[in-house]
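Q: sequence first, predicted coordinates after that:
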Amino acid sequence: MRTGVRLSFVLLSSLPLPWLAGCNALFGIEQLTSGEADAGAMEGGILRFEAASDEDAKDPADAHHESLGEGSTDGDSADRSCTLGSQCQDTWVCDPVMRRCVPEECKDDSNSCGTDQTCVLQYHETTSGACYTACLPFVAGACPAADVCIPVTSDGSEGACFPTGTIALGDPCVVSDVQSNCVQGTQCIDTTVSGWKCTSLCDYWGSSLYCTGSDLCGPMYSCLDPATGDSAAIGSPCSAGAELLQVCGSDGRRFKGACVKEQGAALQCFQACRTDTSPINADCPSGQVCSNYPGLPDLIGICE
C-alpha cells in the first residue's frame, strides 16, 4: 500500500473535483482532501488535468487551520469533534472513526497504520496523516456495505472507505474528510457553478463503472457534463478557447486526454496515461510511450 496518499473531497475545492455544465473543464487529479484538489483542479469552472499548486489547493476549511498557526497549541482544537482535518491544530488530524482531532496517526513517508489500512493526508501542505480502511476502487465488496470506496490516488489503484449518507444524487452536500454524506455510488464534489453536490462515481481508468446518459467520466472519478471538456479528439488541435491541461478527447464514455503544448504554441489533445502500468505503456496506442508532462499529477502522463 503506497503511503501518504492525499485525499480530498474538495477534490476541487479551491476550484470552486470533480465540474460543471456549460463550463470549460481542466483535467486535475491530485488526490482528494479537504485541503488539496485528488485529483484535478478546477478554476473558474474549468476542469484541468493537473496537480494542485500551493495557491490553487486552498479549501475554505483551511482558514481555521491557518488561524491556529504553525505549531499551534490552541487547546480548542485538541481532542475536539471534527469532520475535516483542516479543523484541527498543526500536526493533528481528524480521526475518521472517532471523528475527533487527534495527534497524527501516520506520516507521508511511512505507513504506520494497521493491517488493511492506508495513510491519508487530509489537508494542504501537511505530512501528517490519518489511518483509513483501505479498499480497491470499483471492486464489489471492497468496503463494508454501509461504506463507499473512494479512489485516493491519481491512478485509481488505491482507495479508502467512507461511510455513505442520505443525500441523493444531484442534491447539495457538505464536504467532509470522514464520510461521503452522499448515497452509495456517489461522492460530494464542488461543481464550482452550482456548489457542492453529490455526483456519480465512475471508473476513469477501467471499465467497471460507466456514467449514464450523456455524462462523461472525468479524472476525478465523477460523471461530468460533456460541456466541461474541449471538443477536440485525441491527436487533434484543441479549440482556440481551450486552456492548458483542459480535458478533451471524449470517446463517448470518458474524457481520455488533456490539451497540452508539444513543439509549438498551439494546444493539442494528447491521450492521458498512467506511468506505472504493467506492462509499461499499457494505456497508450501501439508505438507510443507514456511520458511525464509538467503540471500533471504523480503517476499521470501523456502518450506520445
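A: Arrived safely, thanks for sending.
Q: which stretches in the stretch 51-200 of the chain count as strands?
A: Assigned by DSSP state E, counting those that start in this stretch, the stretch 51-200 of the chain shows strands spanning 92-94, 101-103, 106-107, 117-121, 128-135, 147-151, 159-163, 186-190, 196-200.
Q: can you tell me which of the ones you listed the model trusts least?
A: Note on those: lowest mean pLDDT is at strand 186-190, with a mean of 86.
Q: show me the shaky parts of this structure.
A: By pLDDT under 70, the low-scoring segments of the chain are 1-77, 109-111, 124, 191-194, 263.
Q: ok, 80 please
A: 1-79, 108-111, 123-125, 190-195, 262-265, 298 (pLDDT under 80).
Q: which stretches in it count as helices?
A: Here the chain has its helices, by DSSP state H, at 62-68.
Q: now Cys182: how far from Asp147?
A: 12 Å (Cβ to Cβ, to the nearest Å). Yep, even glycine has a C-beta here, placed from its N, CA and C like the rest.
Q: of these two, who's got more company?
A: Higher neighbour count among Cys182 and Asp147: Cys182, with 28 against 18, using other Cβ atoms under 10 Å.
Q: I'd like the distance between the closest residue to that one other than its chain neighbours and Glu104.
A: Closest residue to Cys182 apart from its sequence neighbours, by Cβ to Cβ, 6 or more residues apart in numbering: Cys198 at 3.6 Å. As judged by Cβ to Cβ, Cys198 and Glu104 stand 30 Å apart.
Q: do the same with Cys259
A: In terms of Cβ to Cβ, Cys259 sits 38 Å off from Glu104.
Q: could you do Glu304 as well?
A: 40 Å.
Q: more crowded one of these two?
A: Per other Cβ under 10 Å, whichever of Glu304 and Glu104 has more neighbours is Glu104, with 21 against 14.
Q: who are the contact partners of that one?
A: Shown in contact with Glu104 (Cβ atoms under 8 Å, 6 or more residues apart in numbering): Thr91, Trp92, Val93, Ser128, Gly129, Ala130.
Q: those, buried ones only, as a ChimeraX selection?
A: Paste this into ChimeraX to select the buried members of those, with burial taken from 16 or more other Cβ atoms under 10 Å:
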select :92,93,128,129,130
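Q: tell me the one of the contacts of Glu104 nearest Ser157?
A: Gly129 (17.6 Å; Cβ to Cβ).
Q: and the closest one, what are its bridge partners?
A: Cys106, Leu121 (DSSP bridges).
Q: next: the one 4 residues further on.
A: Residues in a beta bridge with Thr133, per DSSP bridges, are Gln117.
Q: check contacts around it.
A: Taking Cβ under 8 Å, 6+ apart as the test, what Thr133 contacts is Asp116, Gln117, Thr118, Cys143, Asp147, Ala160, Cys161.
Q: roughly how far does it sit from Pro96?
A: 8 Å.
Q: same deal with Thr83?
A: 10 Å.
Q: neighbours of Gly170, how many?
A: Gly170: 13 neighbours (other Cβ under 10 Å).
Q: please renumber the chain so that the first residue is 695 from this point on.
A: Sure thing, new numbering starts at 695, so read that last one as Gly864.
Q: thought it was touching Lys891?
A: Yes. Counting by Cβ atoms under 8 Å, Gly864 does reach Lys891; the two are 6.1 Å apart.
Q: mutual contacts of the two, please.
A: Common neighbours of Gly864 and Lys891, counting by Cβ under 8 Å, 6+ apart, are absent.
Q: before we move on, the earlier item: which residues are in contact with each of Thr777 and Pro790?
A: Joint contacts of Thr777 and Pro790 (Cβ under 8 Å, 6+ apart) are Asp871, Val872.
Q: so between the two, which is more surrounded?
A: Pro790 (25 against 18).
Q: that one and Ser870 touch, don't they?
A: No. The pair Pro790 / Ser870 is not scored as a contact, 9.6 Å apart, by Cβ under 8 Å.
Q: so what would you say the end-to-end distance of stretch 797-808 is?
A: Using Cα to Cα, to the nearest Å, the end-to-end distance of stretch 797-808 comes to 16 Å.
Q: in that stretch, what's buried?
A: Glu798, Glu799, Cys800, Lys801, Asp802, Asn805, Cys807.
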